[in-house]
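>>> show me the folded form of this:
(one chain, ligands or ions: 2)
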Amino acid sequence: MKTVLVTGGAGFIGSNFVKYMLDQHKDYKIVNLDLLTYAGNLENLTDIEDNPNYEFVKGDIADRSFINDLFEKYHFDLVVNFAAESHVDRSIENPEIFVQTNVMGTQVLLDAAKNLWQTGKDENGYPTYREGVKYLQVSTDEVYGALGKTGMFTETTPIQPNSPYSSSKAGADLLVRAYGNTFKFPMNITRCSNNYGPYQFPEKLIPLMISNVVELKNLPIYGDGMQIRDWLHVKDHCSGIDTVLHKGRLGEVYNIGGNNEKANIEIVDLIIANVKEKLSKNQYNGIDTDASTISDDLKIHVEDRLGHDRRYAIDNTKITTELGWSPSYTFEQGIVETIDWYLNNQDWLKQVKSGGYQEYYEKMYSKK
Ligand code: NAD
Ligand code: TYD
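Ligands and ions are numbered 1, 2, ... in the order given. This is a model prediction of the structure:
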């Protein structure tokens, strides 16, 4: 049995990944370490919390003595680091916590894994490691910066992050790369495009727009709304990470994406039309919105995000040709299922939007 540390497993992608791994690898034990910040929610995991192969631990990846004790206790074979501050708008408001968690936290994990896994030294003085261990850093296409109208990010595109969020992720990537080079540390980095799917915190574009349409609230479109993101279903991201974890060549970076570029305004239009259609045909628990009152008039163009990246697009040639991975969802199927999930999970939405998030929402959008 392998023991896998998943950090940030109570967040959006991490919670989907914990479930994916328990389903795909029945002989693995999954330890989920999460600080439960505003973005971490144990309600994302209620369906597997009693699984004997699953354990939750609350803690901070940047707390060195706590992390060292944890590695000592569990003797992890694999580490997948999702834990991060993940929202660009928050990083513009308060960059410091992004450096603390995303950069310092990654370095603490790297040291703990290196210490646990090192078995000795080779003839050139490089550390040697236990067989079969690996550290996987979950990163983002945002470390490459922004694209113009053409071109795509490959694994050799220069790192040119533009926001405090993406620069903190880039800093972490560079540390992981350096450990790979200096210490021959067994690692991979994955860089994925924008994810969508169940359990995404409603500060991000897709769940925020679905939630606002249902509540007949304005739909805040930053600037002209023609910024382009390359969308991938979260389950396809999970299968991509699992593929790299098991088949990726040590020391390599793999981009993950599904060739699915959409302008923000297209996404918002699709959400308005689909929510309206669904609410006019079906009853959903906890929703009494009159579908006939949903219209394009909900859209408002607000002040643009500072330093807003215009376009992202992933070239996935390396992971598809070298490792045989491919996405299973089309966007058309995935987005309709995702909208349905949010409409059917109003209690979850209400719970995550209560308290801290509400204060955040007022603070961010009252200015725009
Ligand atoms: P999220 O904000 O939903 O979840 C982050 C999780 O990390 C939360 O559960 C939070 O409690 C936890 N966390 C935060 N600080 C911590 C700390 N110091 N110690 C332990 N846990 C801590 O984020 P997400 O969207 O699920 O993203 C997960 C990872 O994937 C991030 O590293 C992000 O950069 C990367 N990523 C996200 C996307 C995307 O579209 N969401 C795309 C590519 C890569
Ligand atoms: P977001 O979900 O925050 O992801 P990221 O910034 O990491 O790509 O935003 C996706 C896009 O949607 C981005 O171009 C910003 C835009 N956006 C809006 O227009 N309005 C909003 O209220 C939000 C949250 C995002």
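
>>> tally of neighbours for F12?
24 (other Cβ atoms under 10 Å). Using the backbone N, CA and C atoms, a C-beta is placed for each residue, glycine as well.

>>> chain neighbours aside, what residue packs nearest to it?
Distances taken as Cβ to Cβ, 6 or more residues apart in numbering put Q200 closest to F12, at 4.4 Å, once the chain neighbours are dropped.

>>> mind listing the strands for the stretch 201-350 of the chain?
219-222, 228-230, 232-233, 253-256, 261-263, 299-302 (DSSP state E, counting those that start in this stretch).

>>> note down every partner strand of the shortest one and its orientation.
Same thing as strand 232-233. strand 195-196 (parallel) (DSSP bridges).

>>> just checking the partner strand against ligand 2, any contact.
No - figure legend: strand 195-196 not in contact with ligand 2 (Cβ under 6 Å from any ligand atom); closest approach 8.8 Å.

>>> any part of that strand near ligand 1?
Yes - contact between strand 195-196 and ligand 1, assessed by Cβ under 6 Å from any ligand atom, occurs at N195.

>>> state the mean pLDDT of that strand.
In this model, strand 195-196 has a mean pLDDT of 98.

>>> stretch 11-29 now?
98.

>>> which parts of the stretch 1-150 of the chain sit against ligand 1?
7-8, 10-14, 34-37, 39-40, 60-62, 82-84, 86, 101, 105, 138, 140.

>>> out of the strands of the stretch 201-350 of the chain, which is closest to M187?
strand 253-256 (9.7 Å; Cβ to Cβ).

>>> other SSEs contacting that closest one?
strand 187-192, helix 234-247, helix 317-323 (3 or more Cβ pairs under 8 Å, 6 or more residues apart in numbering; DSSP states H and E).

>>> circling back: what about the residue nearest to F12, which SS state?
What DSSP: H, G, I helix; E, B strand; the rest coil gives for Q200 is coil.

>>> any idea how far the nearest residue to P207 once chain neighbours are set aside is from ligand 1?
Distance criterion Cβ to Cβ, 6+ apart; nearest residue to P207, sequence neighbours excluded, is Q200 at 4.8 Å. With the distance defined as Cβ to the nearest ligand atom, to the nearest Å, Q200 ends up 7 Å from ligand 1.

>>> circling back: so which of the residues of the stretch 1-150 of the chain next to ligand 1 belong to helices?
If you go by DSSP state H, these have 12-14, 105 in helices.

>>> in stretch 228-248, what's buried?
228-245, 248 (16 or more other Cβ atoms under 10 Å).

>>> surely K204 touches R90?
No - if you go by Cβ atoms under 8 Å, K204 and R90 don't touch, sitting 11.0 Å apart.

>>> got a list of what the residue nearest to P207 touches?
Going by Cβ atoms under 8 Å, 6 or more residues apart in numbering, Q200 touches 12, 206-207, 234.

>>> distance to N115 added to these, as TSV?
As requested, those are exported to TSV (distance: Cβ to Cβ, whole Å):
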residue	distance to N115
F12	30
I206	40
P207	39
V234	32
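
>>> and these, which two are furthest apart?
Among the contacts of Q200, P207 and V234 lie farthest apart (Cβ to Cβ), at 11.6 Å.

>>> what parts of this structure come near ligand 2?
Going by Cβ under 6 Å from any ligand atom, the residues of the chain near ligand 2 are 88, 194, 204-205, 208, 220-222, 227, 229, 264, 305.

>>> buried among those? Make that a PyMOL selection.
Typed into PyMOL, the line below selects the buried ones among these, using 16+ other Cβ under 10 Å:
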select buried, resi 88+194+204+205+208+220+221+222+227+229+264
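
>>> got JSON lines for the residues of the chain next to ligand 2, with distance to D77 too?
Below are those laid out as JSON lines (distance: Cβ to Cβ, whole Å):
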{"residue": "V88", "distance to D77": "33"}
{"residue": "N194", "distance to D77": "30"}
{"residue": "K204", "distance to D77": "32"}
{"residue": "L205", "distance to D77": "36"}
{"residue": "L208", "distance to D77": "38"}
{"residue": "P220", "distance to D77": "44"}
{"residue": "I221", "distance to D77": "45"}
{"residue": "Y222", "distance to D77": "43"}
{"residue": "Q227", "distance to D77": "40"}
{"residue": "R229", "distance to D77": "34"}
{"residue": "N264", "distance to D77": "41"}
{"residue": "R305", "distance to D77": "40"}
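
>>> of the residues of the chain next to ligand 2, closest to V18?
For the residues of the chain next to ligand 2, the nearest to V18 is K204 (19.4 Å; Cβ to Cβ).

>>> just give me the neighbour total for the nearest residue in space to that closest one that is not next to it in sequence.
For K204, ignoring the flanking residues on the chain, the nearest one in space by Cβ to Cβ, 6+ apart is H87 at 7.0 Å. Around H87 sit 19 other residues, with neighbours defined as other Cβ under 10 Å.

>>> I'd say H87 and E203 touch.
Yes - H87 is within contact range of E203, at 5.6 Å (criterion: Cβ under 8 Å).

>>> any buried residues in stretch 178-194, and which?
179-180, 184-194.

>>> CA atoms only: put it into CSV for me.
Extracted in CSV, the C-alpha atoms of stretch 178-194 (Å, rounded to 0.1, in the frame of the first residue of the first chain):
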residue,chain,number,x,y,z
ALA,A,178,16.1,23.7,-8.4
TYR,A,179,15.7,20.8,-5.9
GLY,A,180,15.4,18.5,-9.0
ASN,A,181,18.6,19.9,-10.4
THR,A,182,20.7,20.5,-7.2
PHE,A,183,19.6,17.4,-5.2
LYS,A,184,18.3,15.1,-8.0
PHE,A,185,15.1,15.3,-6.0
PRO,A,186,12.4,13.1,-7.6
MET,A,187,9.8,15.6,-8.8
ASN,A,188,7.4,16.7,-11.5
ILE,A,189,5.6,20.0,-12.1
THR,A,190,2.2,20.1,-13.8
ARG,A,191,0.9,23.4,-15.2
CYS,A,192,-2.8,23.3,-15.9
SER,A,193,-5.2,25.8,-17.5
ASN,A,194,-8.4,27.2,-15.8
